[in-house]
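**Student:** mind looking at a prediction? Sequence and model below.
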Amino acid sequence: MRQILFVLVVGLAAIAQEAAPAQPQLTEVPPKPSCNPDALFHTTACVDLWNAYNQALAERQRQELQLYVSKQKDLAAAPLLQQIANQQGEIKRLQADLPLEESAYRTEGVVYGAGGTLVLFGLIFLIRRLASGFTVTKRA
């Protein structure tokens with residue numbers, strides 16, 4: 001019983017993890033240095049700490065801005081995606097109706113083709129029948 005419960009919990013956790021949108025890993029900003037690089041007795045270590053802090057902070061702000069822009073793009077694209085989905089549904093519906101229309105046109109074409117062939121054979125028969133009574137003779 002415990003094994004079944006464990007399998008269910010692990011399975012549900014895996015499904016929840018797949019369903020949750022993946023958050024990008026943001027750069028971790030180190031704590032703000034407490035030393036003053038402009039002090040009379042500044043050290044290289046203090047300057048390095050401030051440089052690392054400023055660089056990490058700028059990278060974090062760039063990543064946050066990129067996330068914001070991506071979310072805004074997704075929000076702006078949502079109506080377009082809905083319109084595309086609607087159009088794809090309409091295309092599928094029309095494609096499903098297409099074979100029925102094609103078979104109707106094919107049947108209509110066969111009927112007209114057969115009718116035209118009968119008319120042609122009838123004309124040939126009529127012309128031969130009328131022409132059989134005529135003879136061509138040479139004048140002397």
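**Tutor:** Everything's here; your move. Keep in mind it's a predicted model, so treat the numbers as computed, not measured.

**Student:** could you use CA atoms for every contact and neighbour count after this?
**Tutor:** Fine.

**Student:** what are the ranges of the helices in the chain?
**Tutor:** 2-19, 44-131 (DSSP state H).

**Student:** winner for burial among those?
**Tutor:** Ranked by mean neighbour count, the helices of the chain are led by helix 44-131 with a mean of 13 (mean count of other Cα atoms under 10 Å).

**Student:** and that one, what does it pack against?
**Tutor:** Applying 3 or more Cα pairs under 8 Å, 6 or more residues apart in numbering; DSSP states H and E, one finds that helix 44-131 contacts no other helix or strand.

**Student:** tell me the contacts of the nearest residue to Leu57 once chain neighbours are set aside?
**Tutor:** Using Cα to Cα, 6 or more residues apart in numbering and skipping the chain neighbours, the partner closest in space to Leu57 is Val29 (5.8 Å). Contacts were defined as Cα atoms under 8 Å, 6 or more residues apart in numbering; by that measure Val29 touches Tyr53, Ala56, Leu57, Arg60.

**Student:** the first one and Arg60: what is the separation?
**Tutor:** Taking Cα to Cα, to the nearest Å as the measure, Tyr53 and Arg60 are separated by 10 Å.

**Student:** nearest spatial neighbour of Thr43, chain-adjacent residues omitted?
**Tutor:** Pro37 (7.2 Å).

**Student:** give me the neighbour count for that neighbour.
**Tutor:** If you count neighbours by other Cα atoms under 10 Å, Pro37 ends up with 17.

**Student:** could I get the contacting residues of it?
**Tutor:** Thr43, Cys46, Val47, Trp50.

**Student:** next, format the residues you listed as a markdown table and append pLDDT and distance to Gly116.
**Tutor:** Shown next, in a markdown table, are these (pLDDT from 0 to 100; distance: Cα to Cα, whole Å):
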| residue | pLDDT | distance to Gly116 |
| --- | --- | --- |
| Thr43 | 78 | 103 |
| Cys46 | 86 | 99 |
| Val47 | 87 | 96 |
| Trp50 | 90 | 93 |
